[in-house]
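Peer 1: Let's see this in three dimensions:
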Amino acid sequence: MSQIITAPSSILRQPAKPVGALDARILTILKDMEKALLAAKSPQGVGLAAPQIGVSLRIFLIRPVKNGPVTIFINPEIIKFSQRKVSPNTKRGIYEGCLSIPHHYAPLERSASVTVKYQAPILSVEGCALRAVQKSYSGFAAHVIQHEMDHLNGILFIDRVLEQNSKLFKIVGKEWEEVGI
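Peer 2: All right, here's what the predicted structure looks like:
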């Protein structure tokens, strides 16, 4: 299983390359990513992009519901953002964090829903292939997708913190401490 790469690694700042075909190498990467995502416990992982394990490919996985299924996105593209934004104003809202910047969180504004066009793997006795999918996501799943799309474009959530002039917090023990960037 791959280790999750943390900032300031340069691979986290590079736009990822498209996946050409679903071959044995890509299947191995997908299995490795799923193991790494499911193993992330402190903090718990809800999404993981390939650059976070050192692979510059346009792949990410999400698992927005604890113990729920993992969804694989290959060559994703957000084709529609909702006009409505979601912005937490208390610690009960969605405070965004990142496995590559552990224990840091910020209240970030994101679109309430997104429509994503992507490819998903199909595994059968004949072999494996990619199928085209277009689906809308809302709520926490939409938030996670936007975060992971940023990873594929070399953007970290701290860039959004600066862009939105938001506060950044670090969890130290059980306390939230505001920190600078």
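Peer 1: Can you show me the helices along this protein?
Peer 2: Per DSSP state H, the chain carries helices over the ranges 24-39, 139-152, 157-163.
Peer 1: helices and strands around the helix or strand bottoming out on mean pLDDT in the chain, which ones?
Peer 2: For the chain, using mean pLDDT, DSSP states H and E, the weakest element among its helices and strands is strand 85-86, scoring a mean of 85. Here strand 85-86 touches strand 110-111, going by 3 or more C-beta pairs under 8 Å, 6 or more residues apart in numbering; DSSP states H and E. For the C-beta atoms, the positions are set from N, CA and C on the backbone; glycine is no exception.
Peer 1: Partner strands of the strand it packs on and their direction?
Peer 2: Sheet pairing of strand 110-111 (DSSP bridges) gives strand 85-86 (antiparallel).
Peer 1: How far off centre is the partner strand?
Peer 2: Remark: strand 85-86 is offset 18 Å from the chain centroid, using C-alpha atoms, centre = their mean, to the nearest Å.
Peer 1: tell me the mean pLDDT for stretch 137-144?
Peer 2: Per-residue pLDDT values across stretch 137-144 average out to 94.
Peer 1: Tell me which residues are up against stretch 59-77.
Peer 2: With contact meaning C-beta atoms under 8 Å, 6 or more residues apart in numbering, stretch 59-77 is reached by 16, 18-19, 22, 26, 29-30, 33-34, 37-38, 44-50, 58, 116-121, 130, 140-141, 144-145, 148-149, 151-152.
Peer 1: got a pLDDT number for the closest residue in space to Ser111 that isn't next to it in sequence?
Peer 2: For Ser111, ignoring the flanking residues on the chain, the nearest one in space by C-beta to C-beta, 6 or more residues apart in numbering is Phe81 at 4.1 Å. We have a pLDDT of 96 for Phe81.
Peer 1: What's opposite Phe81 in the beta bridge?
Peer 2: With DSSP bridges as the criterion, Phe81 is bridged to Val114.
Peer 1: Quick check: it vs Ala112, distance?
Peer 2: Phe81 is 9 Å from Ala112, where distance means C-beta to C-beta, to the nearest Å.
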